[in-house]
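Trainee: Give me a model of this one.
(chains A and B)
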Amino acid sequence: MAKMHTPAMEKIERRNARRKKPVKSTPAYESWKRFKRNKTAMIGLVVVCILILVAILAPLIAPYDYQTQDYTAMLQKPSGAHLFGTDQFGRDIFSRCIYGARYSLVIALFCTIAALFSGGLLGIIAGYFGGKVDTIIMRIMDIFQSIPMIMFAMCIVAVLGNGIPQLVCAIMFASMPTMARNNRAAILRVRGSDYIEASEAIGVGQWKMILKHMIPNAAGIMIIFFVGFLAVSILMMSSMSYIGVGLAAPTPEWGLILNDGKAYMMTAPFMMIFPALMIMVTCFAFNLLGDGLRDAFDPKMK
Amino acid sequence: MVKYIIKRILLLIPILLGVSAIIFILKTFTPGDPARQILGNNATQEQIDAKRDELGLNDPVPLQYVRYIGGVVTGDFGDSYRTGEPVLKEILPRLGVSGIITLGAVFIGAVLGVLLGILSALKKYTWVDSLVLVISMFFQSVPEFVVGLFLILIFAVNLHILPANGIETPLGFIMPMLCVGLASIASYTRITRSSMLEVMGEDYIRTARAKGQTEGKIVYSHALRNAIIPVVQSIGTGLANSIGGGMVIETVFAVPGVGKYIVDSITQRNYPSVLGGALIIAFVLTIINLLVDIAFVIIDPRLKTTIIAGGAKRKKAAKPKAA
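Mentor: Numbering: from 1, shown residues only, chains lettered A, B, ... in the order given. Take a look at the predicted model:
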């Protein structure tokens, strides 16, 4: 058959010639392609990256120290000198919000990793071994789950006291049932695959099977939970510290900054608006990112 | 069916025992002496020892636990350390307040969520769909208490329409309900959307269209009726989240409900009240979930197989495949 020489064909040929090698089509690459097309998810990714940068570069960005008190400039409205205004101790709210990104993101990250390791491990064990192990683990998780998550976390903080490690511990325990359930479901989805059966047949050991074959294949779904849970833990953390259970002053956590502003809501609403916006933007970005990842990794779930 | 209900009710026992055990263990690890807390700092050591004996705090923990469970069975949840009143007597009137807020919130969340879900399913992959997604995700991303604060700023401080706190007038319920309800629309929207999309592809929808049925009637009486089932089933989990969100919101609006009672008790380290509150909430939640499941089987006999056999099916799926 004679080769066609339409302009469009030439364009395609030229493009093909420019490409040095054909693009490999791995599942990860396909997911990334799907993710890139999703505008809202990309917005989420960009915002999350900016927030991470802000958290890392906090000392460079923040014009003041987050706990320096300046009694000559108390409760000032937002201005050039104090972008978000100042609080009742004359602390710069903009600097506190910037450092808050550091605290909130790092604590949320620790909470999520802790939850993934505890609850996730239980879920993976339950999903992999099945049978009695599964029943026992999941029944215990049912018991945990019959107390609302935030209430459970608050009870634990009440016992352990305020502080960052205590808060991480509380959120970890409270989120264990959800994490276990999700990870168990993720493992069950790959449990029945042919390659698992094949590895079983060639005598791959149990732990190697879990670590090398099942977790990498269930990783896509697990990453979705991970990102989604970052938002959940920021929400929980700020709600708890807002009502005074969790972290103690002067930590510049967003919920705590809001708690500081509570008494001045009528006279100085800006004290609450900016930290509230930070929480909103952060959780919104994480949720957008999580949703985008879900569509990218798992188009069937949409 | 009867066998199933009995089985589910029996399952309540280990759940409640487990919940009380968890909180009891937490309580025993708590620093501080409850006797000193009740008597205040001026009490002598003898008085404190006598109080400890009276409260049974010198007994081994398992014995204390058994005694507590014995009390719970007869409706005695212990006395509040702060007021000395029986915990049950303090919680019961608050249960109604929290119940109204939770039900109102679930109602608001479910109605808005289902409407938005239908809208985005019918306009799938258009800007309407994206807008609905963004709106519902927005409310999912904002902590309930922040919504609450903004509502207070707008409606109480600036417009003076609604009271900023308390429930002296029924109007006081509106903002707490809205805060908790709005936070939950995202999950209802998502379930409705995917369920509607699935149903709209069914053969009977095509048949209805072929017979010339109007689009509105198709959506309402053919699609929605079938698509709504998973949505209503998710209300059980929605309730748990709404109760959790309600705890924070009741504190923000100073509403005298169970949530505020528990939060106050936590900050005052008033453990009988925390324990009692948590147990009662766990009990109510489990009962509601049971009722929802039973109601479903009665309404839609098709679900009998999925709900009743749910446990058995799950077990079978979890078992390693016999190669």
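Trainee: Show the contacting residues for residue A:145.
Mentor: Residues in contact with residue A:145 (C-beta atoms under 8 Å, 6 or more residues apart in numbering or on different chains) are A:177-178, B:240. C-beta coordinates here come from the backbone N, C-alpha and C atoms, glycine included.
Trainee: excluding its backbone neighbours, what's nearest residue A:218?
Mentor: Nearest residue to residue A:218, sequence neighbours excluded (C-beta to C-beta, 6 or more residues apart in numbering or on different chains): residue A:186, at 4.1 Å.
Trainee: where's the one you found, which helix or strand?
Mentor: Residue A:186 is part of helix A:164-191 when elements are defined by DSSP states H and E.
Trainee: And that helix, what's buried?
Mentor: A:164, A:166-184, A:186-188, A:190-191 (16 or more other C-beta atoms under 10 Å in any protein chain shown).
Trainee: and stretch B:141-161, what's its mean pLDDT?
Mentor: Per-residue pLDDT over stretch B:141-161 has a mean of 84.
Trainee: scratch that, stretch A:269-278
Mentor: Stretch A:269-278 comes out at a mean pLDDT of 83.
Trainee: which residues are in contact with it?
Mentor: Under C-beta under 8 Å, 6+ apart, the answer for stretch A:269-278 is A:75, A:77-78, A:84-85, A:87, A:93-94, A:96-97, A:100-101, A:104, A:254-255, A:257-258, A:260-262, A:264-265, B:142, B:146, B:149-150, B:153, B:157.
Trainee: What separation do you get for the residue in the stretch 151-300 of chain B that chain A sits nearest to and residue A:284?
Mentor: The nearest approach of the stretch 151-300 of chain B to chain A comes at residue B:244, 3.3 Å away (C-beta to the nearest C-beta). Using C-beta to C-beta, to the nearest Å, one gets 20 Å for the distance from residue B:244 to residue A:284.
Trainee: repeat for residue B:53
Mentor: 55 Å.
Trainee: Just the pLDDT for residue 92.
Mentor: In the absence of a named chain, chain A is used. In this prediction, residue A:92 carries a pLDDT score of 80.
Trainee: other chain: chain B
Mentor: So, for residue B:92, pLDDT stands at 88.
Trainee: Need phi/psi at it.
Mentor: phi -50, psi -50 (degrees, to the nearest 10).
Trainee: what's the distance between it and residue B:99?
Mentor: Counting by C-beta to C-beta, the gap from residue B:92 to residue B:99 is 11 Å.
Trainee: more neighbours, those two?
Mentor: More crowded of residue B:92 and residue B:99, by other C-beta atoms under 10 Å in any protein chain shown: residue B:99, with 15 against 12.
Trainee: can you tell me the helix or strand for that one?
Mentor: Applying DSSP H and E, one finds residue B:99 within helix B:87-122.
Trainee: mind checking how far that helix is from the chain centre?
Mentor: In terms of C-alpha atoms, centre = their mean, to the nearest Å, the centre of helix B:87-122 is set 9 Å apart from its chain centre.
Trainee: do stretch B:153-170 as well
Mentor: 25 Å.
Trainee: Any buried residues in that stretch, and which?
Mentor: Neighbour count says stretch B:153-170 has B:153, B:155-156, B:162-164, B:167 buried, by 16+ other C-beta under 10 Å.
Trainee: And it, end to end?
Mentor: 19 Å (C-alpha to C-alpha, to the nearest Å).
Trainee: Could you point out which residue ranges in chain B have low pLDDT?
Mentor: B:31-32, B:303-323 (pLDDT under 70).
Trainee: on that earlier part again, if you count contacts, what does the helix holding residue A:186 end up packed against?
Mentor: Applying 3 or more C-beta pairs under 8 Å, 6 or more residues apart in numbering or on different chains; DSSP states H and E, we find helix A:164-191 packed against helix A:93-115, helix A:121-129, helix A:131-145, helix A:149-160, helix A:215-242.
Trainee: Could you pull out the buried residues of the helix holding residue B:99?
Mentor: Neighbour-count burial for helix B:87-122 flags B:87-88, B:90-91, B:94-95, B:97-98, B:100-102, B:104-106, B:108-110, B:112-114, B:116-122 (criterion: 16+ other C-beta under 10 Å).
Trainee: Now do the very next helix or strand once past it against helix B:87-122, angle only.
Mentor: Per DSSP H and E, the first helix or strand lying C-terminal to helix B:87-122 is helix B:127-141. Note on geometry: by axes from the mean of the first three to the mean of the last three C-alpha atoms, to 10 degrees, helix B:127-141 and helix B:87-122 are set 160 degrees apart in direction.
Trainee: how far out from the middle of the chain is helix B:127-141?
Mentor: With C-alpha atoms, centre = their mean, you get 23 Å for helix B:127-141.
Trainee: Show me what it packs onto, helices and strands only.
Mentor: Against helix B:127-141 (3+ C-beta pairs under 8 Å, 6+ apart) you get helix A:39-56, helix A:270-297, helix B:87-122, helix B:174-200.
Trainee: One more pass at 6 Å, please.
Mentor: helix A:270-297, helix B:87-122, helix B:174-200 (3 or more C-beta pairs under 6 Å, 6 or more residues apart in numbering or on different chains; DSSP states H and E).
Trainee: Same list, the ones you listed, but as JSON lines with distance to residue B:218 please.
Mentor: Shown next, in JSON lines, are the helices and strands packed on helix B:127-141 (distance: least, C-beta to C-beta, whole Å):
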{"stretch": "helix A:270-297", "distance to residue B:218": "28"}
{"stretch": "helix B:87-122", "distance to residue B:218": "10"}
{"stretch": "helix B:174-200", "distance to residue B:218": "9"}
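Trainee: Out of those, the one nearest residue A:159 is which?
Mentor: For residue A:159, the closest of the helices and strands packed on helix B:127-141 is helix B:87-122, at 18.3 Å, according to C-beta to C-beta.
Trainee: any bit of the helix or strand where residue B:281 lies sitting next to chain A?
Mentor: Assigned by DSSP H and E, residue B:281 belongs to helix B:271-299. Yes: for helix B:271-299 and chain A, the contact criterion (C-beta under 6 Å from any C-beta of the partner chain) is met by B:278, B:282, B:285-286.
Trainee: Likewise for stretch B:88-106?
Mentor: No: figure legend: stretch B:88-106 not in contact with chain A (C-beta under 6 Å from any C-beta); closest approach 10.6 Å.
Trainee: Check what contacts that stretch and list those residues.
Mentor: B:77, B:176-177, B:180-181, B:238, B:242-243, B:246, B:256-259, B:261, B:280 (C-beta atoms under 6 Å, 6 or more residues apart in numbering or on different chains).
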